Structures are given as C-alpha cells and as structure tokens.
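J.: just the structure for this:
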Amino acid sequence: MRTALIAALKRTGSGTKRAELTLAGRTVLARQVDWLRHIGCERIFCLCEHLDGEVLRLQQECEATGGHFQALRGFLHLPALVRAEDELVILADGLLPDPAIAAALFAQTPARFVAALTTGSPLVTDHPHDFERIDARQHWAGLLAMRGAPVQHLADFPPDSDPISLLLRLALQAGTPCRRLPDDGLAPASWLLATDETALKAQEQALIARAAGAPDWRRPGRALGQVFAQALAPQALERGPLIAAVAGAALYLCALLAAWQGDGVAALALTGLGALAATLAGSLGRMAGELLGRRAMILTGEWRDLVVDLAAAAVLAMALAPVGAAAPLAALGPVLVGLARLTRPDTPLAVLADRIVLPAALASAAAFGVLPLVTALMSLLLLAGLLLRNAGD
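T.: You can find the predicted model right below:
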C-alpha cells in the first residue's frame, strides 16, 4: 500500500503556516494532498500542532470522497500505522513538486528513491535548513519514496526529534538510491517551496496562464473567454462559472424577449453578449476543474454550444420575421446558425462563424436595415466554404 507523510508545522516570516498559503485558489496543503492521491497514496498522515483549520477541513474533504487523511500530533504513533510492506512517500513541509518531474522519478526502477539537488542549487543556497545535506555533493530535494520497514526505528528516538529528517536518514541507511532532479541538478522553477506569499505569486500566474490556455484568435469568442477568465482568476474560480452561466441565460432570455417585440438590433446584440458570458463560464469552469479539482455545475462543451446555438437560431428567426410577419424568411436564421456549426475552426471562414462575431455582425446589419440580405450572403459564404472543403477532402 502506498502511504504518504506530510507536515503542516513550519511558518513563514509573518507567522502564517506554509501549508495554509494559497496558490491559485487552493492551499499548499490541499495541493499536496491532491497530488499524493493522484499518484495512488491510499493513506495520508499529516504532522501538525492541532486538528483545526485547513488540516481539519482537508480531513473532512478526504473522508467525504473516500480517502484516508489522519492528523498526527507527533510521530509516536507512526511506527504502528505504517507497515513494513508499505511504500512511504514523504513530502517536505510546504513543498510543491513538479508533477511531470516527480512522475519521471517514480517511473524509474526501483520506485524507491531520494530526490536530490546539487550543492550549488539555488534552492539549497536560499533554504539550507529545508534541503538537508545528503553527502558532499548532494542535498535532499524534499521528496522521497522509501520502504515502510525503517519507520519502525522511529520508536528508538526522543519524541522531540524531527521525524522527517530522521526518516530521510533511515531511508539512506536502508540503501534507498538518490536521484537528482533534471536540469543539471539545478531545481527548475516549477519545483516550488512555499516560504511566503511572494514566492507563490509568480507560480500562481504561471498556473493560471497554463490552465487558461493560449488564445487562438481564429476563434475570437473563445479567445476572449480565455483572456477574461485569466484576468478574473483566481478570485472568480469558485463562483465565477455559475455566475457567468446565469448571466448568459438571462441575456438570452432578454434577447428572445427583444426579438419577440420586434427589436432585432437589441436582440442580436444581447445574443452576442450571452454567447460571451457562456464562453466565459466554460473557460472559468475548465480552469476551476484544473486548478481547484472541482467539476463546474454548469453545461460544458458540446451541450453548452448546442444550447447557445439553439438560442441564437431562435433569436435570429424572430429578428428576420417578427411575430405576425411572413414565416418563410425566418427559416434562414436556423440555416445560417447550422452552417456556422458545421464550419471547422481551422478554415478561413471560422471567424465569420464565431458565436460572438456572427450575432455582432448581424446586429450591425439590422441597424442598417439589411439583416435579410446579410443573413443570406453569410449563409451562401459558409455554404460555399463547406462545399469547397468537401471537394478538397
């Protein structure tokens, strides 16, 4: 069984516990637990002073999702909790390892190791007390995986000893191999020790940018959603997806009402804003899933796009043929929206088919009184693009 040992004891210069510092909306301790559970740790033990605050919240969260998280005040009970056949993974207090680098370390044979840094590493220079010396040329990098048997020797030491340091020495005495981090032994920027709020800021922005993704301006609507979501994170990750989704639904209802009353310009403008809100909800939802590990309680992906397109088709149909007017012309609205759905994002006409650009262009056409003409021309353009694409295939 893979078991983990972490700690929530050390404090920053301002007195805040390292484990309680936040990174992109989630505490350092919570991110450690998330990663440990991801690599298969079935039980997680946390050394702490008291069972309260973030430690208590995480224990309740783990238990609610079927995990095992146990707080320990001291290490006296650890020998009875860790079995000889267990694999014990240890993370230093406040350390957030790079998942890709750590995965590469675990992928080697044997799966037991002591992650190491060279003496000249910036992490060692800046934090010598956190990254202990292993030998003349190497320091511990804050991560190790060892057999559970040496844990029994903790019972031979005084209760005021540092259990993490003791276990590091016991792992080395048991012959656990040292493996250096890549990049010539120098710690990469993503191998992060959370010592204060400033140390987390740059990493937080990098995480948010990676979660948002690089905007592709061939699809302006989605790109705008990504840019706005990145600007609003991390504060908007908790409730932002739901608020944006509700705002989008309200805008579509207002658009339908305006179209029913014969105001095509307002209806189409509101449709574009509703599409932007829906895109923002999707972007925030994806980021919340990646950064917070939570599933957004909103429609996402193809289902969201289908609802957005159905609403846009209904609004455009009523804008082309208001209630009481000739009905045949209204069919052109759903036809245009359907052609836009079929247009691939990597084609030159993808910008024209964008869910925000399309209603914005049609709103401008309605303002000049040429909505039916522009709708017909755009339908022909998108149809020609589809025919040419099929001919090329």
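J.: Trp217 is in contact with Val227, isn't it?
T.: No - the pair Trp217 / Val227 is not scored as a contact, 9.9 Å apart, by Cβ atoms under 8 Å. No exception for glycine: its C-beta is placed from N, CA and C like everyone else's.
J.: between those two, tell me which one has more neighbours.
T.: Val227 (15 against 10; other Cβ atoms under 10 Å).
J.: and that one, what does it touch?
T.: Residues in contact with Val227, defined by Cβ atoms under 8 Å, 6 or more residues apart in numbering, are Ala212, Pro215.
J.: just to be sure, it is in a helix?
T.: Yes - counting by DSSP: H, G, I helix; E, B strand; the rest coil, Val227 is part of a helix.
J.: run through the bridge partners of the residue lying closest to Leu200 once chain neighbours are set aside.
T.: In space, and not counting its chain neighbours, Leu200 is closest to Leu23: 5.1 Å by Cβ to Cβ, 6 or more residues apart in numbering. Assessed by DSSP bridges, Leu23 has beta-bridge partners Arg26.
J.: isn't Leu23 right next to Gln203, touching?
T.: Yes - with contact defined as Cβ under 8 Å, Leu23 and Gln203 form a contacting pair (6.5 Å).
J.: shared neighbours, these two?
T.: Taking Cβ under 8 Å, 6+ apart as the contact definition, Leu23 and Gln203 share the neighbouring residues Leu96.
J.: what about the two, which has more around it?
T.: Neighbour comparison, Leu23 and Gln203: the larger count goes to Leu23, with 22 against 16 (by other Cβ under 10 Å).
J.: distance check, the more buried one against Phe113.
T.: Going from Leu23 to Phe113 by Cβ to Cβ, to the nearest Å gives 25 Å.
J.: please enumerate the helices of the chain.
T.: For the chain, the helices identified by DSSP state H occupy 28-38, 53-64, 78-81, 99-107, 122-126, 163-173, 197-212, 220-232, 240-260, 264-291, 301-320, 332-342, 357-367, 371-392, in order along the chain.
J.: pick out the shakiest of those helices, pLDDT-wise.
T.: Lowest mean pLDDT of the helices of the chain: helix 197-212, a mean of 80.
J.: flag every buried residue along that helix.
T.: Residues of helix 197-212 classed as buried: Ala199, Leu200, Gln203, Glu204, Leu207, Ile208, Ala211, Ala212 (neighbour count, 16 or more other Cβ atoms under 10 Å).
J.: with distance to Glu132 added, can I get these in a markdown table?
T.: What follows is the buried residues of helix 197-212, written out as a markdown table (distance: Cβ to Cβ, whole Å):
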| residue | distance to Glu132 |
| --- | --- |
| Ala199 | 20 |
| Leu200 | 23 |
| Gln203 | 23 |
| Glu204 | 28 |
| Leu207 | 28 |
| Ile208 | 33 |
| Ala211 | 33 |
| Ala212 | 37 |
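J.: surely Val337 meets Ala311?
T.: No - using Cβ under 8 Å, Val337 is not in contact with Ala311; the gap is 9.5 Å.
J.: which of the two has more neighbours?
T.: Here Val337 and Ala311 are compared on neighbour count by other Cβ under 10 Å; more neighbours surround Val337, at 25 against 22.
J.: so who does the more buried one touch?
T.: So Val337 contacts Asp309, Ala312, Ala313, Leu316, Leu358 (Cβ under 8 Å, 6+ apart).
J.: could I get those as a markdown table with distance to Gly221?
T.: Listed next are the contacts of Val337 as a markdown table, based on distance: Cβ to Cβ, whole Å:
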| residue | distance to Gly221 |
| --- | --- |
| Asp309 | 12 |
| Ala312 | 12 |
| Ala313 | 16 |
| Leu316 | 16 |
| Leu358 | 9 |
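J.: what about those residues, which one has the most neighbours?
T.: Neighbour counts for these peak at Leu316, which has 29 neighbours (criterion: other Cβ under 10 Å).
J.: my read: that one touches Ala331, true?
T.: No - counting by Cβ under 8 Å, Leu316 does not reach Ala331; the two are 10.4 Å apart.
J.: count of residues packed around Met378?
T.: For Met378, the tally of surrounding residues (other Cβ under 10 Å) stands at 21.
J.: domain-wise, how is this protein divided?
T.: If the domains of the chain are taken from automatic domain parsing, they occupy 2-202, 213-392, with pieces of a single domain joined by a plus sign.
J.: residue contacts, the residue nearest to Met146 when sequence neighbours are not counted?
T.: Residue nearest to Met146 in three dimensions, not counting chain neighbours: Ala171, with 3.9 Å by Cβ to Cβ, 6+ apart. Ala171 sits next to Arg112, Val114, Leu144, Met146, Pro150 when contact means Cβ under 8 Å, 6+ apart.
J.: how about those, which pair is most distant?
T.: Of all pairs drawn from the contacts of Ala171, the one with the longest distance (Cβ to Cβ) is Val114 and Pro150, at 12.3 Å.
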